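>>> Everything below, folded, please.
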Amino acid sequence: MSAALLVLAAVALVWVLGGGELLRRRCPVGHWYIAGYPLAALRVWSTWRRVTPLNDLTVNRRPPRALLGDLVVKGEALRPVIPRVSFPRATRLGLSVTVRMCPGQTPAVYRAAADAFTHAWKVHAVRVTSPERGLVRLTALGTDPLARPGLATAPKALLSALVGIRESGRAWVLDLLVVPHWLITGATRSGKSTLLARLIAELAPQDVALVGIDCKGGMELGPFGSRLSALATSRREAVALLGGLLIELHQRARLCRGGDVRSIWELSPKVRPVPIVVIVDEVAELYLSDGTRTGRAEAEQCSTMLLRLVQLGAALGIHLVVAGQRVGSDLGPGVTALRAQLGGRICHRVHDPGTAEMTLGDLDKDAVAAAQSITSGEPGVAICTGPDGGWERARSHPLTPEEAAATAARYAVLTPRLRHLDRAMTGEQEGDDI
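Numbers count the residues shown, from 1 in each chain. This next block holds a predicted model:
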């Protein structure tokens, strides 16, 4: 028994002298399971019965009024009902508990108490979700995984790009086969351009055609030109490029009809056309008109063709990633219609509430508030949606423009040539009916 006590004392001494801090830096997950989780779980159990009444999370089984003889007595219930909570379950960098709500409660009251739980449990943050009716899940984060976004790991797959890390510690992956179209918003220096560069760098080694529309003269997408099958640098070029994409879309539709299938993914790999990812940077430039007849006509053409591509492209292997600093209904009804078809949403720090509302407002009001709380000191941090319809904070992996351009140049030999796009960009007439 004395030998065991000596071993425990030695381990405790090593931990106090710096072993714990070294483990926290070298292996934060191991440190959390050994030291962080047990203490946090103890705090959850010890504070639950005190925190819930203070935040109006308890209910009374008896009415607040009672009849005592001829008198009506009013007052608080002496024994309020405490919501039942599950045992804290450890996660990679936090813990989660499931709460069975009392009758009449909604998840909103638990979201309002998230800060109280954060301070009581001494964790970085507490997120509240509702996995099913009658239940809420409180997920506590022991540390902020977004503070140092290391390279997470994820399986390599076609049209799948590892772009960063989620607040839960999981890899942040944009899978275009699961969510075919994305809307990305963010102000200058918010991390939007870095995210696009990371996306291109991840897709560059794959058997994918990358197409760019950058009406700022190619300032953002120009460095990746060696890996792009086509690049439009003005709205006039964008009109021609989108027209070529529509011709390509209808050719693929004919191919699917000829094979009696509903998607190119049901075709044989020998005849299946290469998937196309269209990256649109600064989408507002396509919708803003200079007041001239030609400008209005080009804006209307871009609006119509983008909407047709996003409505029909998923099954035909044409995917859109639309990005912009500002996306609002003031750009016209076409933007709202386009937004409704873009199932994936990513919102970085934005200057105006309208852009955050346009990006996330039709999905979750809490996500809008979370996006507006992102500060200028958090570059790369964004609110992203998942395939399950929920949302989460995430951060893209840092990547310099030079590194992204070098990656694009390295895989330039994989750039497929698309006949319809080449003809559209050179002004040749197509015999196909758009």
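>>> what helices or strands is the longest helix seen in the chain leaning on?
Across the chain, the longest stretch assigned as helix under DSSP state H is helix 235-258. On a contact count with 3 or more C-beta pairs under 8 Å, 6 or more residues apart in numbering; DSSP states H and E, helix 235-258 meets strand 209-214, strand 228-232, strand 276-281, helix 284-287, helix 293-312, strand 318-324, helix 419-426. Placement of C-beta: from N, CA and C, glycine included.
>>> weakest of these in terms of mean pLDDT?
In terms of average pLDDT, helix 419-426 trails the rest of the helices and strands packed on helix 235-258, at a mean of 85.
>>> what's the closest of the helices and strands packed on helix 235-258 to residue 60?
Among the helices and strands packed on helix 235-258, the nearest to residue 60 by C-beta to C-beta is strand 318-324 (50.6 Å).
>>> what about dumping the CA coordinates of that closest one to CSV?
Provided in CSV are the C-alpha atoms of strand 318-324 (Å, rounded to 0.1, in the frame of the first residue of the first chain):
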residue,chain,number,x,y,z
ILE,A,318,-22.2,21.1,-62.0
HIS,A,319,-21.8,22.6,-58.6
LEU,A,320,-21.7,26.3,-57.6
VAL,A,321,-19.8,28.0,-54.8
VAL,A,322,-21.0,31.6,-54.7
ALA,A,323,-19.0,34.1,-52.5
GLY,A,324,-19.4,37.8,-51.8
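>>> Domains of the protein: list them as residue ranges, please.
27-141, 160-426 (automatic domain parsing).
>>> Output these as a markdown table; include the columns distance to residue 154 and mean neighbour count.
Formatted as a markdown table, the domains of the chain follow (distance: least, C-beta to C-beta, whole Å; neighbours: other C-beta atoms under 10 Å):
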| stretch | distance to residue 154 | mean neighbour count |
| --- | --- | --- |
| domain 27-141 | 14 | 15 |
| domain 160-426 | 4 | 19 |
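>>> looking at the ones you listed, which one has the lowest mean pLDDT?
Among the domains of the chain, domain 27-141 carries the lowest mean pLDDT (a mean of 84).
>>> That one: end-to-end distance?
End-to-end distance for domain 27-141, by C-alpha to C-alpha, to the nearest Å: 16 Å.
>>> Kindly report the same for stretch 409-423.
Start to finish, the residues bounding stretch 409-423 are 24 Å apart (C-alpha to C-alpha).
>>> which other residues reach it?
204-207, 209-211, 226-230, 241, 244-245, 247-248, 251, 274, 276, 429-430, 432 (C-beta atoms under 8 Å, 6 or more residues apart in numbering).
>>> do that again at 7 Å, thanks
204-205, 209, 211, 226-227, 229-230, 241, 244-245, 247-248, 251, 274, 430 (C-beta atoms under 7 Å, 6 or more residues apart in numbering).
>>> what do you get for stretch 145-164?
93, 165, 167, 169, 171-177, 195, 198-199, 202-203, 206-208, 275, 380-381, 393-397.
>>> likewise stretch 42-58?
Outside stretch 42-58, the residues within contact range by C-beta under 7 Å, 6+ apart are 80-83, 85, 88, 97, 109-110, 113, 116-117, 120-122.
>>> out of those residues, who's nearest residue 28?
Nearest to residue 28 among those, with distances taken as C-beta to C-beta, is residue 122, at 16.5 Å.
>>> separation between the residue lying closest to the closest one once chain neighbours are set aside and residue 129?
Leaving aside its chain neighbours, residue 122 sits nearest to residue 43 (6.3 Å; criterion: C-beta to C-beta, 6 or more residues apart in numbering). Taking C-beta to C-beta, to the nearest Å as the measure, residue 43 and residue 129 are separated by 21 Å.
>>> that older thread, ok, which pair from the contacts of stretch 42-58 is furthest apart?
Among these, 81 and 122 lie farthest apart (C-beta to C-beta), at 26.6 Å.
>>> rewinding a little: looking at the helices and strands packed on helix 235-258, spot the one closest to residue 338.
Nearest of the helices and strands packed on helix 235-258 (C-beta to C-beta): helix 293-312, 5.6 Å.
>>> any idea how far that closest one is from the chain center?
27 Å (C-alpha atoms, centre = their mean, to the nearest Å).
>>> List the contacts of residue 424.
Counting by C-beta under 7 Å, 6+ apart, residue 424 touches 240, 241, 243, 244.
>>> give me that answer again for 10 Å
Taking C-beta atoms under 10 Å, 6 or more residues apart in numbering, we find residue 424 in contact with 230, 232, 237, 239-248, 418, 430.
>>> Repeat that for residue 273.
209, 248, 251-252, 255-256, 264, 267, 316-318, 416, 418.
>>> Would you reformat those as CSV and include distance to residue 48?
Formatted as CSV, the entries for the contacts of residue 273 read as follows, by distance: C-beta to C-beta, whole Å:
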residue, distance to residue 48
209, 55
248, 59
251, 62
252, 57
255, 60
256, 56
264, 53
267, 56
316, 53
317, 51
318, 51
416, 58
418, 60
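>>> Assumed residue 392 was part of a helix.
No - applying DSSP: H, G, I helix; E, B strand; the rest coil, one finds residue 392 to be strand, outside a helix.
>>> all numbers from here: first residue = 44
Understood, numbering begins at 44; the last thing we discussed is residue 435.
>>> Return the distance of it relative to residue 261.
In terms of C-beta to C-beta, residue 435 sits 33 Å off from residue 261.
>>> Leaving out the residues flanking it, which one is nearest to residue 432?
Closest to residue 432 by C-beta to C-beta, 6+ apart is residue 406, at 7.2 Å.
>>> repeat for residue 446
residue 244 (7.4 Å).
>>> Ok, residue 155 next?
residue 98 (7.4 Å).
>>> cool, and residue 161?
residue 169 (4.8 Å).
>>> tell me which element that neighbour is part of?
Using DSSP states H and E, residue 169 maps to strand 168-172.
>>> how far out from the middle of the chain is that strand?
16 Å.
>>> Now it - C-alpha only, PDB.
Output of strand 168-172 as PDB, limited to C-alpha atoms (Å, rounded to 0.1, in the frame of the first residue of the first chain):
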ATOM      1  CA  ALA A 168     -18.500  27.700 -24.100                       C
ATOM      2  CA  VAL A 169     -21.800  25.800 -23.900                       C
ATOM      3  CA  ARG A 170     -23.800  25.200 -27.100                       C
ATOM      4  CA  VAL A 171     -27.500  24.200 -26.900                       C
ATOM      5  CA  THR A 172     -29.200  22.000 -29.500                       C
END
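>>> in its sheet, what does that strand sit against?
Paired strands of strand 168-172, with direction, are strand 178-184 (antiparallel) (DSSP bridges).
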